[in-house]
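Undergrad: build me a model from this:
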Amino acid sequence: MRHLTLAAAALLLAGPAFAHHGERHPAPNLMAQANTGDSIQELQRQRRNPDVPPGVQAQRRDAADADAASLDDAASQVRAAATALRAGRAGQANEFLERAESRLLTRSTVPAQAGEPVRGGPVGHIAAARAALFANDRAKAQAEIEAALTALNRPAPARRSRQ
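TA: Residues are numbered from 1 along each chain as shown. Next up is the predicted model:
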């Protein structure tokens, strides 16, 4: 019994970081960062430090919102991305763009061309819009979204004039 008490005391003296499982816990500021509400920031944080488990709460929220919208075609998803971006919801815009890109990339093709990536047309504009969102360049993202809609032969939603 005395050995058990000494072992428990040693764990307490070693600090709370080692008391649980012998490994350090993430720094408190990393835990606080994981609670931010923007999924773009979550993705940026994940790319900067891939060894830290990602915080995906905002990404899950954006995915649930996109599921609730029930948009099946790529053009509707790109239009929804434009609307979300104008409303200041970059993470939700990214989710819609990811879904539109996946929809466009899911295609039938001859086996000889199956390994060739699609780079141009609406897919290229969607990829450029996602890259712009990741770089926090919302104006470029909006321009690429409008170019993708044009490439899909669908006009961009009309902008409201501010009076």
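
Undergrad: what is the burial count for Glu95?
TA: Counted with other C-beta atoms under 10 Å, residues neighbouring Glu95 total 26. In short, each C-beta sits where N, CA and C put it, glycine included.

Undergrad: repeat for the one 4 residues further on
TA: Other residues within reach of Arg99 by the criterion other C-beta under 10 Å amount to 23.

Undergrad: that one: what's its closest spatial neighbour, skipping adjacent residues?
TA: Once flanking residues are discounted, Arg99 sits nearest to Gln77: 5.0 Å by C-beta to C-beta, 6 or more residues apart in numbering.

Undergrad: hmm, who's touching the helix or strand where that neighbour lies?
TA: According to DSSP states H and E, Gln77 maps onto helix 74-86. Here helix 74-86 makes contact (C-beta atoms under 8 Å, 6 or more residues apart in numbering) with 66, 69, 71, 90, 92-94, 96-97, 99-101, 103-104, 122, 126, 129, 133, 138, 141-142, 145-146, 148-149, 152, 154, 156-157, 159.

Undergrad: so which bits of that helix are buried?
TA: Across helix 74-86, burial judged by 16 or more other C-beta atoms under 10 Å covers Ala74, Ala75, Ser76, Gln77, Val78, Arg79, Ala80, Ala81, Ala82, Thr83, Ala84, Leu85.
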